[in-house]
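Asks: sequence and predicted structure, then a few things I'm wondering about:
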Amino acid sequence: MHCSKFGKMNFFFMLVALFLLVLPRTTLSQNKDGSIHVPDTLDAPYIRITGVEISGNKLTKPRIIERELDFTIGDSLATFQQEKGVSLSNRIFYPGDSSELRLRMNYSRENLINTKLFLTVDLSLKKIRDNQYNLIIDLTERHYWWLFPVPKLNAPNFNEWIRDIDWSYLSMGLFFSHNNLFGLSHQTSVIALAGKSWAIAFGYKIPWIGKGQKIGLTLIAGYSNMYYVEYASVENRRQMLYAPNSSQVAKIGANLALRPGLYNYGTIKLSGEYIKVSDSVIKLDSNYLAGNKRSNVSLSLYADYYYDSRNSHSSPLKGNLLRVFVNKVGMGLLSKDVDLFYYGIDFHFYQTIGRKWFVAEMVKAENSAGRSAPYYYQLNMTSGNDFIRGFDLYTLKGDQIYYTRNNLKFELIKPSIRKVKEGQEKNKFKALQYVFYLNAFADAGYTVNKLTEINPYNNKLLFSWGLGMDFVTYYDMVIRFEYAFTSIGTNGFYFGFGMPI
């Protein structure tokens, strides 16, 4: 089944209309994930938090909740605005900010939301005596276990597939996960796919282990047999092979997550990979894998360190993310097939500039040291989290990538909760939460590829700009609708998933 150009445009507008029509005409105006409640005035310049009372945590253990607080039980917090910049713990309060009490409560609520264990978090105070108060935490837990069918496109990405829809190029599978095992935030997931491509993968995550609760462990294993392979590019268009058993990949890995401070994180990841491609791939591109081989075995070590003060990890509006990373692919232990080294930086900035206006910027630079990488191991600026908008139908691969994405965002429909019957406001599914943003964007990127002469958009500064709409709802779901113009003279509608910055 294929769609005409007219049909594709109608399909886009039908999706936009559907999201608008299913929303209720009346909403409860409030923060979509809860709020803090602090009296406008308090009797003392400092109050002491003497205890915590938690409700709504039917499964989650209290210690998982209390570890996210931006202060320690027993601390005294200022109830007045700071007259000068003051450094307290790992936060700095500036003139004009709210009181330390209000800010620390708000940071604590954001930390709890960012655990992705709760739909809503409300914080308030209860006076015990004099200047002693208990912190009241009222939660709505997420739905923690899921079992649902998942589609897998046998195509490079959704935007390529939707321009020439063919339902036979679709593998189907089942996904199961539980995101709060034992009430300790342990996560496990299993996915299995069948069709022209088939795969199975398993993961288990322990977010924090040990007495200090500052180290997490994730174990992963998976196998995939892919029907399609991007084996080369010509004029920056993907050259694809569609055939059974085009690529077979087996992976295992162990990740250590470090959290030395409340907003400081690190990752150490050790992974092994075995990849084998068909004879057809090697005939089309003998340099697809390292050493001109049909199969490669590699052991890799990745490490990063980052500071993350974003108010939301899924749809941030304020705060920063600053990250540095290195990745050694091929350690020379299992084999000497691969010997590559990557390193880079990744900065994200978010700011509120008005009651409904927000700006966001990010910049990333990544380089591979030494000799040029084979096609499979090249950096890709049109895949996963590395992209500039408007270039979804092209491939931009090389040994170095540099890009920036920038947004000016307007809150079209404020964070709202769909009105439901009394008593059902905290139902995990009936009380639909949502927010719509309009945004104007401008992106730029540059890919360095030393060997190619047939891809005119490599080694060239590229730009894109346009308008978009973001739909944000429960369980970190973000769907983007964008119209982009590019510096190479193209324009068109694109779909995206997840916040672009």
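Replies: It's in. Numbering: from 1, shown residues only.
Asks: next helix or strand past the helix or strand where I137 lies?
Replies: In this structure, I137 is located in strand 132-141 according to DSSP states H and E. Under the assignment DSSP H and E, the closest C-terminal helix or strand after strand 132-141 is strand 145-153.
Asks: which neighbours in the sheet does that next one have, and how are they oriented?
Replies: strand 170-181 (antiparallel) (DSSP bridges).
Asks: what angle sits between the partner strand and strand 132-141?
Replies: Angle, strand 170-181 to strand 132-141, by axes from the mean of the first three to the mean of the last three C-alpha atoms, to 10 degrees: 150 degrees.
Asks: next helix or strand past strand 170-181?
Replies: Remark: after strand 170-181, the chain's next helix or strand is strand 186-194, criterion DSSP H and E.
Asks: sticking with N225, tell me its helix or strand.
Replies: Taking DSSP H and E as the criterion, the element that holds N225 is strand 215-234.
Asks: list the buried residues in that strand.
Replies: Using 16 or more other C-beta atoms under 10 Å as the test for burial, strand 215-234 gives 215-216, 218, 220, 224-233. From N, CA and C alone the C-beta is placed, and that goes for glycine too.
Asks: quick check: mean pLDDT of that strand?
Replies: Across strand 215-234, pLDDT averages out at 95.
Asks: what's the offset of that strand from the middle of its chain?
Replies: Averaged C-alpha coordinates place strand 215-234 at 18 Å from its chain's average position (C-alpha atoms, centre = their mean, to the nearest Å).
Asks: strand partners (parallel or antiparallel) of it?
Replies: In the sheet, strand 215-234 lines up with strand 198-209 (antiparallel), strand 237-261 (antiparallel) (DSSP bridges).
Asks: hey, what's the angle from it to strand 186-194? Just curious.
Replies: What separates the directions of strand 215-234 and strand 186-194 is an angle of 30 degrees, with the same axes, to 10 degrees.
Asks: quick check, pLDDT for T79.
Replies: Confidence at T79, expressed as pLDDT, is 86.
Asks: ok, the residue nearest to it when sequence neighbours are not counted to Y242 distance?
Replies: Taking C-beta to C-beta, 6 or more residues apart in numbering as the measure, T79 lies nearest to L42, with 4.4 Å between them; neighbours along the chain are not counted. Distance check for L42 against Y242: by C-beta to C-beta, to the nearest Å, it reads 67 Å.
Asks: the two: which has the busier surroundings?
Replies: Taking L42 and Y242 together and counting by other C-beta atoms under 10 Å, L42 has the greater number of neighbours (17 against 13).
Asks: pretty sure that one contacts E100?
Replies: No. The pair formed by L42 and E100 falls short of the contact definition of C-beta atoms under 8 Å, at 11.9 Å.
Asks: domain parsing for this protein?
Replies: For the chain, the domain assignment from automatic domain parsing gives the residue ranges 31-141, 145-497.
Asks: for the last one, how far is the first residue from the last?
Replies: If I follow you right, that is domain 145-497. Criterion C-alpha to C-alpha, to the nearest Å; first-to-last residue distance in domain 145-497 is 22 Å.
Asks: quick one: low-confidence parts of the protein?
Replies: Applying pLDDT under 70 to the chain flags the ranges 1-32, 81-98, 415-433, 451-452, 474-475.
Asks: pretty sure E482 sits against D470.
Replies: No. Contact criterion C-beta under 8 Å: E482 and D470 do not qualify, at 9.0 Å.
Asks: show me the beta-bridge partners of P149.
Replies: Going by DSSP bridges, P149 is paired in beta bridges with L174.
Asks: mind checking how far it is from K269?
Replies: Applying C-beta to C-beta, the value for P149 to K269 is 30 Å.
Asks: and if you look at L438?
Replies: As judged by C-beta to C-beta, L438 and K269 stand 37 Å apart.
Asks: wait, a helix at T41?
Replies: No. For T41, which was evaluated using DSSP: H, G, I helix; E, B strand; the rest coil, the result is coil, with no helix membership.
Asks: ok, it - contacts?
Replies: With C-beta atoms under 8 Å, 6 or more residues apart in numbering as the criterion, no residue contacts T41.
Asks: do D304 as well
Replies: Neighbours of D304 in contact, by C-beta under 8 Å, 6+ apart: 266-267, 323-326.
Asks: give me the subset of those lying in strands.
Replies: With strands defined by DSSP state E, the entries of the contacts of D304 inside them are 266-267, 323-326.
Asks: give the closest residue to the residue of the chain most remote from its centre in space, chain neighbours not counted.
Replies: With distances taken from the mean C-alpha point of the chain and given as C-alpha atoms, centre = their mean, the most distant residue is D130, at 44.5 Å. Take D130 and drop its neighbours on the chain: the residue closest to it by C-beta to C-beta, 6+ apart is A44, 7.6 Å away.
Asks: what about the one you found, which SS state?
Replies: Secondary structure, three-state DSSP: A44 is coil.
Asks: neighbours around it, how many?
Replies: Neighbours around A44, by other C-beta under 10 Å: 14.
Asks: tell me if I'm right that it and N131 touch.
Replies: Yes. The pair A44 and N131 qualifies as a contact (C-beta under 8 Å) at a distance of 4.0 Å.
Asks: so for the chain, which residue is the most central one in space?
Replies: Central residue of the chain (C-alpha atoms, centre = their mean): S314, 5.9 Å from the mean position.
Asks: list the buried residues for the helix or strand S464 falls within?
Replies: Assessed by DSSP H and E, S464 sits inside strand 462-473. Under the neighbour-count criterion of 16+ other C-beta under 10 Å, strand 462-473 has 462, 464-466, 468-473 buried.
Asks: C-alpha coordinates for the following helix or strand past it, PDB please?
Replies: Taking DSSP H and E as the definition, the helix or strand that follows strand 462-473 towards the C-terminus is strand 477-486. Coordinates of the C-alpha atoms in strand 477-486 are reproduced here as PDB (Å, rounded to 0.1, in the frame of the first residue of the first chain):
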ATOM      1  CA  MET A 477       5.700  10.900  25.500                       C
ATOM      2  CA  VAL A 478       6.700  13.700  23.200                       C
ATOM      3  CA  ILE A 479       5.500  13.900  19.500                       C
ATOM      4  CA  ARG A 480       6.800  16.600  17.300                       C
ATOM      5  CA  PHE A 481       5.300  18.000  14.100                       C
ATOM      6  CA  GLU A 482       7.700  20.200  12.200                       C
ATOM      7  CA  TYR A 483       8.000  22.000   8.900                       C
ATOM      8  CA  ALA A 484      11.700  22.600   8.000                       C
ATOM      9  CA  PHE A 485      13.600  24.500   5.300                       C
ATOM     10  CA  THR A 486      17.200  23.700   4.600                       C
END
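Asks: show me what counts as buried in strand 477-486.
Replies: Going by neighbour count (16+ other C-beta under 10 Å), the buried part of strand 477-486 is 478-482, 484-486.
Asks: what angle sits between that strand and strand 462-473?
Replies: Using the same axes, to 10 degrees: strand 477-486 against strand 462-473 is 160 degrees.
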